[in-house]
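Asker: coordinates only, no sequence provided:
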């Protein structure tokens, strides 16, 4: 019960759990990445600006 957040700014109180808020923020973050991983937009930006960069693969990414 201690993890419930109460929003009283609307006409009727709305109840959210902290996990609901976290999950909603993560959903927005994933939508902003448009299906890419967290590092892929950075790599695309480097490639788009013709900046030299190297990607070192480990044994798991061969």
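Answerer: Yep, that arrived. Bear in mind the structure is a predicted one, so any value in this text is a computation, not a measurement. Residues are numbered from 1 along each chain as shown.
Asker: now the strands: where do they sit in this structure?
Answerer: For the chain, applying DSSP state E gives strands covering 4-7, 14-17.
Asker: could you check how far residue 26 is from residue 60?
Answerer: In this view, residue 26 and residue 60 are 25 Å apart by Cβ to Cβ, to the nearest Å. C-beta: built from backbone N, CA, C; applies to glycine.
Asker: still on that earlier bit, ranking the strands of the chain by mean pLDDT, which is last?
Answerer: Ranked by mean pLDDT, the strands of the chain end with strand 4-7 in last place, scoring a mean of 61.
Asker: residue 43 against residue 55, yeah?
Answerer: Yes - counting by Cβ atoms under 8 Å, residue 43 touches residue 55, with 7.3 Å between them.
Asker: out of those two, which sits in the busier spot?
Answerer: Applying other Cβ atoms under 10 Å to residue 43 and residue 55 shows that residue 43 carries more neighbours, namely 13 against 8.
Asker: list the contacts for residue 38?
Answerer: Residues counted as contacts of residue 38 (Cβ atoms under 8 Å, 6 or more residues apart in numbering): none.
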